[in-house]
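Peer 1: Quick one: sequence and predicted model below, then my questions.
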Amino acid sequence: MGFEDFMGVNLWDALFALANFLALFFVLKKFLFGPVMKMIDSRQKEIDDTYAAAGQARSEAEALRAEYEQKLSVAADTGERLVKEAVARGQSREEEILRQANREADAIRQKATADIAQERKKAVNDAKDEISDLALAIAGKVVGKSLDGDEQAALVDRFIEQLGGEA
């Protein structure tokens, strides 16, 4: 009783099956595993390249985002500065308009004061003339004689002085 009878396996059949298995393994390795591994490796390389490109695109996007944020910040600062300058220009313009209005009001006030003084002087002179005419007429009737120009002027001045002293 040999091994074959005990196990029920023919050694030659087992060796033949093993040889067939090894031949099939080498054929499959050469024609199936090699191309499949190449395909898997190329696919892995594509995936790795895709991840690398995505990482690069992400870093570029981050750089662009940082650049845009910086530009936005600069734009906001510029806008704020322009608003401040506009406000300052508006305030200085307002102050200039107020100064000009005050100058014009002072000029109007001074002109009005001068006009009032001139009108007062004219009114006083008109009153003097009327009073002198009246005084001469009264003096002429009281004295009964006609006065010459110098005497008239002296008489009018005395009369006005007396009126000014009483008032």
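Peer 2: Right, received. Where do you want to start?

Peer 1: So which residue is dead centre in this structure?
Peer 2: The centre of the chain sits closest to Val83, judged by CA atoms, centre = their mean, with a distance of 2.1 Å.

Peer 1: Now do the same for it: its pLDDT.
Peer 2: Here the pLDDT value assigned to Val83 is 94.

Peer 1: give me the element it is part of.
Peer 2: helix 34-143 (DSSP states H and E).

Peer 1: tell me what the following helix or strand past that helix is packed against?
Peer 2: Counting by DSSP H and E, the next helix or strand C-terminal to helix 34-143 is helix 149-166. With contacts defined as 3 or more CB pairs under 8 Å, 6 or more residues apart in numbering; DSSP states H and E, helix 149-166 has these neighbours: helix 34-143. No exception for glycine: its C-beta is placed from N, CA and C like everyone else's.

Peer 1: Run the angle between the helix it packs on and helix 149-166 for me.
Peer 2: Calculated by axes from the mean of the first three to the mean of the last three CA atoms, to 10 degrees, helix 34-143 forms an angle of 120 degrees with helix 149-166.

Peer 1: if we can go back for a sec, list the helices and strands the helix holding Val83 packs on?
Peer 2: Judged by 3+ CB pairs under 8 Å, 6+ apart, helix 34-143 is in contact with helix 149-166.

Peer 1: hmm, back to that, please tell me how far the residue nearest to the centre of the chain sits from Leu72.
Peer 2: Val83 sits 16 Å away from Leu72, going by CB to CB, to the nearest Å.

Peer 1: just to revisit the earlier point, gap between the residue nearest to the centre of the chain and Ala107?
Peer 2: Distance of Val83 to Ala107, given as CB to CB: 36 Å.

Peer 1: Ile40 now?
Peer 2: Here the criterion is CB to CB. By it, Ile40 lies 98 Å from Ala107.

Peer 1: ditto for Val156
Peer 2: Val156 sits 38 Å away from Ala107, going by CB to CB.

Peer 1: Ala107: neighbouring residues, count only.
Peer 2: 10 (other CB atoms under 10 Å).

Peer 1: Contacts only, for it.
Peer 2: By CB atoms under 8 Å, 6 or more residues apart in numbering, the contact list for Ala107 is empty.

Peer 1: what's the pLDDT at it?
Peer 2: 93.
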